[in-house]
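Novice: what's the 3D shape of this:
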Amino acid sequence: MRNQVSLCFKVLLTAVGTFLRIRFIPANSLRHGESGACRGGLVRDNLWLTIVFFFLLPVMSSAQFTVGENGSLATAPNALVSVRNLSIPSSALNAFQEGIDRLKRADYAGGAQKFQQAIKKFPAYYEAYFFLASAHMSLDREDEAAAELQKSADLSGGRYPLPFFALGLLLCNRMDFAQANDVVQKGFELDNASWFGYYALGRVSLGLNRLDDAENYVHEAISRISSNPNLAQLYLLLAHIHERRHRHAELLEDLNSYLALETDTEMLEKVEAVRDRVKEVLKEEQRNAATPQPSASSSY
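Specialist: Presented below is the predicted three-dimensional model:
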């Protein structure tokens, strides 16, 4: 009846584009520090990358995710969900489907209206609350989205993992990583097999500066969605982790992988700008590595 649908959790930060335009200074003006030493320029470039990735992170963490027809990330049929669907009035199901169709066309206001209609016809429709939250996130109505995610989790009796993962990502956007970890862990107890759970754990671990864990979680997520459209978002999260670890060669590989998969023109332009700067950083590192360093005695 319903194939895969697009769940859009877009927090479109206009500040990102403004920030990139302001900070993307010509490379020759960043290459040398006040003393004329190349190392000073490299520190500036690294700082630029860190700040840019900080601003890109909320965009990435609430980007487009593809979910199953019942709001489930499982690829196998879910018999229990199918049985439950039989108890949902057809009018509510139709409104829900219309809401999904609106989201796929980026009509978030229209989608929200349809999900509200579905909820009115079937107040226990926790999947509709989840997608209503996604529409409201796309409309920058974050407080409403948070309440709706909580409602989705409550109505499911705490058995529906998606709102826990999504609420954890929302809390990451608010920089509340400790609470985000608690919420995501609850979702992971319900579903420890989906890529989305590992993605959320990776995002939380990055926020908590648990970089080994973050990298392992993201690699696990990547292994679970090899041909999924969401793969681009995972490479961007991996890029954040490698940037934090100053592993710029791996960072460049991550960005190349992301750019090969992403289709959003605005994000492509932003990430291409970051990739160009990463290339400059790598060149600077190579020049520094090839330049003999003066011995300690030569300074006396």
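Novice: Neighbours of the closest residue to D213 other than its chain neighbours, how many?
Specialist: Closest residue to D213 apart from its sequence neighbours, by CB to CB, 6 or more residues apart in numbering: S205 at 4.2 Å. For glycine as for every other residue, the C-beta is placed from the backbone atoms N, C-alpha and C. Look at S205: counted by other CB atoms under 10 Å, it has 22 neighbours.
Novice: Wait, S205 touches A214, no?
Specialist: Yes. Checked against CB atoms under 8 Å, the pair S205 and A214 is within contact range at 3.7 Å.
Novice: How about the contacts made by A95?
Specialist: Residues near A95 by CB atoms under 8 Å, 6 or more residues apart in numbering: 114-115, 117-118, 121, 128.
Novice: got the residues you listed as TSV, with distance to L234, neighbour count and pLDDT columns?
Specialist: As requested, the contacts of A95 are exported to TSV (distance: CB to CB, whole Å; neighbours: other CB atoms under 10 Å; pLDDT from 0 to 100):
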residue	distance to L234	neighbour count	pLDDT
K114	30	24	96
F115	27	29	95
Q117	34	18	98
A118	30	27	96
K121	36	18	97
A128	27	30	93
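Novice: Residues contacting whichever helix or strand the residue nearest to D213 is part of, please?
Specialist: Assessed by DSSP states H and E, S205 sits inside helix 195-207. By CB under 8 Å, 6+ apart, the residues outside helix 195-207 that reach it are 61, 65, 73, 161-162, 165, 168-169, 172, 175, 177, 180-181, 184-185, 187-188, 191, 211, 213-215, 217-218, 220-222, 224-225, 228, 230, 233-234, 237, 240-241, 244.
Novice: Pull out the buried residues from those residues.
Specialist: For those, a burial check counting by 16 or more other CB atoms under 10 Å picks out 61, 65, 73, 161-162, 165, 168-169, 172, 177, 180-181, 184, 187-188, 191, 213-215, 217-218, 220-222, 224-225, 228, 230, 233-234, 237, 240-241, 244.
Novice: Tell me which entries of these lie within helices.
Specialist: Of the buried ones among the contacts of helix 195-207, the ones assigned to helices by DSSP state H are 61, 162, 165, 168-169, 172, 177, 180-181, 184, 187-188, 213-215, 217-218, 220-222, 224, 233-234, 237, 240-241, 244.
Novice: mind checking the longest helix of the chain?
Specialist: Longest helix in the chain by number of residues (criterion: DSSP H): helix 265-290.
Novice: so for that helix, what's the average pLDDT?
Specialist: Mean pLDDT, helix 265-290: 88.
Novice: Buried by neighbour count: which residues of it qualify?
Specialist: Under the neighbour-count criterion of 16+ other CB under 10 Å, helix 265-290 has 267, 270-271, 274-275, 277-278, 280-281, 284-285 buried.
Novice: returning to that earlier point: ok and the helix holding S205 relative to helix 231-244, angle-wise?
Specialist: If you take axes from the mean of the first three to the mean of the last three CA atoms, to 10 degrees, helix 195-207 sits at 20 degrees to helix 231-244.
Novice: for helix 195-207, what is the average pLDDT?
Specialist: For helix 195-207, mean pLDDT is 92.
Novice: now swap in stretch 149-167 and tell me
Specialist: 93.
Novice: start the count at 829, not 1, going forward
Specialist: I'll keep to 829 as the first residue from here, and by that count the last item is stretch 977-995.
Novice: hmm, who's touching that stretch?
Specialist: So stretch 977-995 is contacted by 837, 895, 899-901, 952-955, 957-958, 961-962, 974, 998, 1008, 1011-1012, 1014-1016, 1018-1019, 1022, 1024-1025, 1027-1028 (CB under 8 Å, 6+ apart).
Novice: Just the buried subset of the residues you listed, written out for ChimeraX, thanks.
Specialist: For the buried members of these, the matching ChimeraX selection, counting by 16+ other CB under 10 Å, is:
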select :837,895,899,900,901,953,954,955,957,958,961,962,974,998,1008,1011,1012,1014,1015,1016,1018,1019,1022,1024,1025,1027,1028
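Novice: Return stretch 937-953 as CSV; C-alpha atoms alone will do.
Specialist: Extracted in CSV, the C-alpha atoms of stretch 937-953 (Å, rounded to 0.1, in the frame of the first residue of the first chain):
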residue,chain,number,x,y,z
ALA,A,937,2.5,22.7,6.6
GLY,A,938,0.1,20.7,4.5
GLY,A,939,1.6,17.5,5.9
ALA,A,940,1.2,18.7,9.5
GLN,A,941,-2.5,19.5,8.8
LYS,A,942,-3.1,16.0,7.5
PHE,A,943,-1.4,14.3,10.4
GLN,A,944,-3.5,16.4,12.8
GLN,A,945,-6.6,15.2,11.0
ALA,A,946,-5.4,11.6,11.4
ILE,A,947,-4.9,12.1,15.1
LYS,A,948,-8.3,13.7,15.5
LYS,A,949,-9.9,10.6,13.9
PHE,A,950,-7.7,8.2,15.9
PRO,A,951,-6.2,9.8,19.0
ALA,A,952,-3.9,6.9,19.8
TYR,A,953,-2.1,7.2,16.4
